[in-house]
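Participant: Sequence and computational prediction follow.
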2 protein chains.
Amino acid sequence: MNNNSGNDKTMTIHDVARELGVSASTVSRAISGKGRIGAATRDRILAYIEEHGFYPNAAAQSLAQSRTNNIAIILPEVNTLVDMPFFHTCMYGVEEVAQANDYDIIVVTTNGNDTKPLERLIKNRKVDGMILTRTYENDKYVKFLKQKQIPFVAVGKFPDDDVVQVDHDNVGACKELVTVLFAKGIQNIAYLGSNMDQMVNRCRYQGYEEAYRKGKRKLNQDLVYKDLSSRAMVEKAVEELKNSGVECILCQDDYICDEVVRKLARMGVRIPDQMKVASCHYSRILENYPVTITSLKFNITELGRRSCQVLLDMIHGKTVPDKTLLDYEIILKESTKG
Amino acid sequence: MNNNSGNDKTMTIHDVARELGVSASTVSRAISGKGRIGAATRDRILAYIEEHGFYPNAAAQSLAQSRTNNIAIILPEVNTLVDMPFFHTCMYGVEEVAQANDYDIIVVTTNGNDTKPLERLIKNRKVDGMILTRTYENDKYVKFLKQKQIPFVAVGKFPDDDVVQVDHDNVGACKELVTVLFAKGIQNIAYLGSNMDQMVNRCRYQGYEEAYRKGKRKLNQDLVYKDLSSRAMVEKAVEELKNSGVECILCQDDYICDEVVRKLARMGVRIPDQMKVASCHYSRILENYPVTITSLKFNITELGRRSCQVLLDMIHGKTVPDKTLLDYEIILKESTKG
DNA sequence: CTGAAAGCGCTTACAG
DNA sequence: CTGAAAGCGCTTACAG
């Protein structure tokens, strides 16, 4: 097994070459699979390598080939029970396909402003590409990465066509959800959102709006709250909506949904009899309620996987689709019954 | 600003050397700060580098110095609302001090069994050290890392003295919490836990036990549940405890606490009047209850930071403490009032 | 099909 | 204090 015969210095390609009576070039070719090499020689070398657990020095490969087999995943600084699991799960997906392709992921957290950490990573040549997991309307990082000409994919939807994007079809999903709710006979649906500078939130609102247009219904702006940045604001919105006699509240995400459900409970308003509720993004938070909540369900791990796959394709010079839109599910539950 | 005068090839140390009329060695010395160099020369070189945004090629540095300026953070595969934020937050902490020291972090997720991904990282020489964020009683990864002789720190407490550990003082914290509850006049306190193979859970239980011993109280094993691996089991335990007339339930973590609080609500049992509740680990989940919960509070970001700091110290050859124990806070809230 | 040689971009004894 | 040279461990035209 562990035969470090004599010295414990880490093995190099030359060691195996000497041991096998071939040249280092040949060993290199056997490992990389590039260049012509006799099948017998190749097999002999591979067998030796396997048996002795030789792994080539990544830095040397990196230097010789100008590639690192690392990609960066850029995470925003978040701390809510909705956001953390999202990015963590997405990261899992990315890592899964990265691993499968012998890539490693370097995690870098951004504060939304500073590009220095990315710059260092790029200029030091520590990564071959990057995945930007949250995007804003006027995204500083997108601009930066475009300018740096490094392969990258953005999770999110953009007007810019020169940015490779992977995302769930948030627009289509919300549109369909609202359309379905209309079809169930619900007359008016309010929208509660926040942080409209994030692309994901813009998309959701856009879907909501499109459903109104598609249904040829007039969208009353009194039913729309786009800037609920605090619990108090959500509560106030819920009170106003209750008084306005709206039938259903569509929440941009489970963070808002959580506040809405609690507020309604405190107000003694029963879901769905006295108020229906739906959320644009299913997370485990929703599992905690006595009443199950209608929502959209996205496969976040898959989002990570696909983003990574697209990025790797880019890195390897394949042509990739500008936009990859992932599927969604509409989960109808008690909260919109009746 | 951006003066790629003519060619866009990335700058090397030789380019700046030529431009400044010095040798590459001198430039290298200016950058690294190692070796003797004239202050004037150094400043001139540094100024040039700063102005032209030169960053040394990491692979070349890596190869020449046998160090990567990367560390790996090993994460377990988790998906609960309690675990994900914990590891994510810990990762933030690690990254923060890594960044500050010009290190990058490579994330690798483990399934608890396979050591291949770690092996590859080590043998490829892609990292200088590792942080193991969850530890088990008989930890396969700990064994593996010890054998590989790579610098690493484990988050968690171990019997082994040859493993560098950084952790909150879970034993001391739980012990103190229980002692305080006793001091409040509570006569008997039940313990609800699970997954006793994880070191963190063993520590918490140990603290609980020690508090009993310290208080010279007899610990009735009917009050102890160590293997609540499902919601149903927690519910059953809560029912039994309610019937047994116990006064207070100590939950190993907020995952269990969550189940306990909900179950009590469904049973119509009021907290704290009819049952007191405390948790060994504060997370945001607790913020969602109508009644505030007594708990231990740990600073997870700091846990990450310290782990990383200790690891970097090891890598740089400093002597580090075998065990670093971080502080905790006891947060007394309504749930144990009266 | 295989090997010798140059090169990737740094660092670091060794001279001076 | 500074430079020329060898070396880190690979890869890859170039010959043969």
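Facilitator: Nice, thanks for sending it over.

Participant: what's around the closest residue to chain B within the stretch 151-300 of chain A, how many residues?
Facilitator: Nearest residue of the stretch 151-300 of chain A to chain B: residue A:284, at 5.2 Å (Cβ to the nearest Cβ). Heads up, the C-betas are built off the backbone N, CA and C, glycines and all. Around residue A:284 there are 14 other residues, counting by other Cβ atoms under 10 Å in any protein chain shown.

Participant: do the same with the one 4 residues further on
Facilitator: Residues within reach of residue A:288, counting by other Cβ under 10 Å, total 13.

Participant: Contact partners for it?
Facilitator: B:258, B:262, B:288 (Cβ atoms under 8 Å, 6 or more residues apart in numbering or on different chains).

Participant: What sits closest to the second one if chain neighbours are left out?
Facilitator: The reference is to residue B:262. In this structure, residue B:262 finds its nearest non-sequential neighbour in residue A:288, 7.5 Å apart by Cβ to Cβ, 6 or more residues apart in numbering or on different chains.

Participant: ok, and for stretch A:157-165, which residues are buried?
Facilitator: A:157, A:158, A:163, A:164, A:165 (16 or more other Cβ atoms under 10 Å in any protein chain shown).

Participant: didn't the second one look like it was pressed against residue A:138?
Facilitator: No: between residue A:158 and residue A:138 there is no contact under Cβ atoms under 8 Å: 10.7 Å.

Participant: Please give the element, helix or strand, for residue A:307.
Facilitator: helix A:300-315 (DSSP states H and E).

Participant: Over to residue A:28?
Facilitator: Going by DSSP H and E, residue A:28 is part of helix A:24-32.

Participant: is chain B contacted by that helix?
Facilitator: No: judged by Cβ under 8 Å from any Cβ of the partner chain, helix A:24-32 stays clear of chain B, getting no closer than 12.2 Å.

Participant: helix or strand right after that helix?
Facilitator: Assigned by DSSP H and E, the successor of helix A:24-32 is helix A:39-52.

Participant: Who are the packing partners of the helix or strand immediately after that following helix in the chain?
Facilitator: Per DSSP H and E, the first helix or strand lying C-terminal to helix A:39-52 is helix A:58-65. In terms of contacts (3 or more Cβ pairs under 8 Å, 6 or more residues apart in numbering or on different chains; DSSP states H and E), helix A:58-65 is packed against helix B:58-65.

Participant: and the helix it packs on, how far out from the chain's middle?
Facilitator: 29 Å (Cα atoms, centre = their mean, to the nearest Å).

Participant: If we go by neighbour counts, what in it is buried?
Facilitator: B:58, B:59, B:60, B:61, B:62, B:63.

Participant: average model confidence for it?
Facilitator: The average pLDDT for helix B:58-65 rounds to 96.

Participant: what angle sits between it and helix A:58-65?
Facilitator: 130 degrees (axes from the mean of the first three to the mean of the last three Cα atoms, to 10 degrees).

Participant: is chain B contacted by the stretch of helix or strand residue A:145 belongs to?
Facilitator: Residue A:145 is part of helix A:140-148, with elements assigned from DSSP H and E. No: looking at helix A:140-148 against chain B by Cβ under 8 Å from any Cβ, there are no contacts, and the closest approach is 9.2 Å.

Participant: Can you list the neighbours in contact with that helix?
Facilitator: Residues contacting helix A:140-148 (Cβ under 8 Å, 6+ apart): A:74, A:110, A:112-113, A:115, A:118-119, A:122, A:130, A:132, A:135, A:152, A:154, A:158, A:160, A:162-163.

Participant: Just the ones in helices from these, please.
Facilitator: A:118, A:119, A:122 (DSSP state H).

Participant: Please pick the buried ones from those.
Facilitator: Buried, going by 16+ other Cβ under 10 Å: A:118, A:122, out of those.

Participant: ok, so of the ones in helices among the contacts of helix A:140-148, who is nearest DNA strand D?
Facilitator: residue A:122 (20.8 Å; Cβ to the nearest atom of the strand).

Participant: Show me what counts as buried in stretch A:75-90.
Facilitator: Buried residues in stretch A:75-90 (16+ other Cβ under 10 Å): A:75-76, A:78, A:80-90.

Participant: so how far is the helix holding residue A:145 off the chain centroid?
Facilitator: On Cα atoms, centre = their mean, the centre of helix A:140-148 falls 18 Å from the chain's centre.

Participant: Quick one: distance of the helix holding residue A:307 to the chain centre.
Facilitator: On the basis of Cα atoms, centre = their mean, helix A:300-315 sits 9 Å off its chain's mean C-alpha point.

Participant: which is the next helix or strand following that helix?
Facilitator: Next element after helix A:300-315 (DSSP H and E): strand A:323-326.

Participant: helices or strands up against that following strand?
Facilitator: Short answer (3+ Cβ pairs under 8 Å, 6+ apart): strand A:323-326 packs on strand A:165-168, helix A:300-315.
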